[in-house]
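Trainee: got a predicted structure here, sequence first:
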Amino acid sequence: MSNTFPLSLIAATVFVSMSAVAAPPQGYPSDYQSVIDAATKEGKVVVYSTTDIKAAGPLVKGFEATYPGIKVEYNDMNSTELYNRFISEQASGGTSGDVVWSSSMDTGLKLATDYAQEYKSPELAQLPKWAVWNNKAYGTTYEPVVFIYNKRMIPAGDVPDSHAALAKLLASQTDKFKSKVTTYDIEKSGLGFMLSVQDAKADPNYFKTLADVAKGGLAVQSSTGTMMERVSSGENLIGFNILGSYAEARAKTDPSLGIAYPKDYTLVLSRVSFISQQAQHSDAAKLWLDYVLSEKGQSILANQADIPSLRNDIEGKNDIDGLTKMLGNALKPIPVDESLLEYLQPKKRLDYIKQWRTAAGK
């Protein structure tokens with residue numbers, strides 16, 4: 001029996017199949033198909049992100065399955081590298097990212113104020129108002145900031161449940177915790193700087209608490225991964241201002257890593273994303289942003305990447321509703337608004353770093 005089919009029939013079959021897969025999501029505007037068609041002609045979207053590719057991989061895979069004519073060129077870098085690279089490329093007029101997706105909310109918003117194009121996502125109604133700035137910058141996640149500790153070396157009864165309890169624990173066992181406490185180096189990590197500033201806004205006694213925590217010496221790092229590795233190995237015993245999403249993902253396979261959610265206040269980070277004014281693949285960038293914000297994309301983040309969703313309609317506990325049931329009023333989402341920019345003024349930033357280093361003994 002012959003397996004030969006007319007080329008026209010094959011082409012028609014492929015076209016129908018592609019059209020069926022790449023139809024507008026339910027509830028989207030009727031003209032959204034034109035965005036999909038234009039994006040398919042563009043063929044790819046370039047994403048500059050601080051979310052590591054291991055965590056973002058399921059999201060990329062889901063997007064490319066939904067829009068099979070569009071490839072994701074995913075660039076994973078730390079927050080300071082992303083900021084500097086994007087600015088340099090914009091200044092030179094060279095090729096750059098179509099979409100920025102940064103965990104450093106303040107520098108992410110700073111880039112958005114200068115370089116984002118306005119885009120009203122069809123997902124807007126499903127997002128918290130605090131997560132959207134001028135229809136340009138969008139919060140995309142809901143990630144508590146936690147303590148981590150070595151479960152083999154810190155008894156369950158000693159695990160701190162507040163920032164004050166952390167300081168008290170370290171002060172009461174100075175020999176045990178000498179040079180065994182880790183956090184971000186706020187001068188090298190944009191994320192670390194932003195979280196420290198938000199701590200100072202949430203806690204009027206922040207610098208005193210930091211000084212108490214640092215009495216035995218701090219081991220500062222520029223990445224979450226390094227801090228988790230050091231705590232897990234026992235090189236450090238406890239870490240603070242750690243992204244809970246990364247910690248929860250690692251703890252699933254690392255029996256040494258414990259996680260504590262502070263009950264006095266728990267900062268909640270939301271990764272900021274925007275589409276560049278100079279995006280070479282502008283329509284594909286719109287599809288990517290909408291997919292990240294959609295129920296499908298947020299479900300992948302929450303249930304496959306262990307990054308909590310900022311929506312409240314995601315199956316499982318890893319969304320706003322689930323975390324609110326666990327932590328209630330302790331949750332302090334960091335809003336995507338101009339307040340993030342205050343400490344990016346050069347003098348204010350430098351003065352803050354000096355104050356932090358004095359308290360931290362650095």
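Mentor: Arrived safely, thanks for sending. None of the values given here were measured: they were computed from a predicted structure.
Trainee: the nearest residue to Gln117 once chain neighbours are set aside and Ala285, how far apart?
Mentor: Nearest non-adjacent residue to Gln117, counting by Cβ to Cβ, 6 or more residues apart in numbering: Gln277, 4.5 Å away. (Glycine included, C-beta is placed from N, CA and C.) Going from Gln277 to Ala285 by Cβ to Cβ, to the nearest Å gives 11 Å.
Trainee: for this structure, just list every one of the strands.
Mentor: 44-49, 71-76, 99-102, 132-133, 137-139, 143-150, 181-184, 218-221, 238-243, 257-260, 266-269, 272-275, 331-333 (DSSP state E).
Trainee: would you format the ones you listed as CSV with distance to Pro346 included?
Mentor: Listed next are the strands of the chain as CSV, based on distance: least, Cβ to Cβ, whole Å:
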stretch, distance to Pro346
strand 44-49, 24
strand 71-76, 27
strand 99-102, 20
strand 132-133, 22
strand 137-139, 22
strand 143-150, 26
strand 181-184, 20
strand 218-221, 22
strand 238-243, 23
strand 257-260, 35
strand 266-269, 24
strand 272-275, 21
strand 331-333, 27
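Trainee: what ranges do the helices span in the stretch 201-350 of the chain?
Mentor: 206-213, 224-233, 244-251, 282-293, 295-303, 320-327, 346-360 (DSSP state H, counting those that start in this stretch).
Trainee: contacts for the longest one next, please.
Mentor: Under the contact criterion Cβ atoms under 8 Å, 6 or more residues apart in numbering, helix 346-360 has outside partners 186-187, 193, 196-197, 200, 207-208, 210-211, 214, 218, 220, 342-343, 362.
Trainee: which one among the residues you listed gets closest to Glu42?
Mentor: Minimum distance to Glu42 across the contacts of helix 346-360 is 35.2 Å, recorded for Phe193 (Cβ to Cβ).
Trainee: tell me the contacts of that closest one?
Mentor: Ser104, Asp106, Tyr184, Ile186, Glu187, Tyr343, Arg349, Tyr352, Ile353.
Trainee: may I have the phi/psi pair for the first one?
Mentor: Recorded main-chain torsions at Ser104 are phi -80, psi 90, according to degrees, to the nearest 10.
Trainee: wait, it sits on Tyr83?
Mentor: Yes. Assessed by Cβ atoms under 8 Å, Ser104 is found in contact with Tyr83 at 7.2 Å.
Trainee: for Trp133, see how far away the closest residue to Asn134 other than its chain neighbours is.
Mentor: Excluding its sequence neighbours, the residue lying closest to Asn134 (Cβ to Cβ, 6+ apart) is Glu118, at 7.0 Å. According to Cβ to Cβ, Glu118 and Trp133 sit 11 Å apart.
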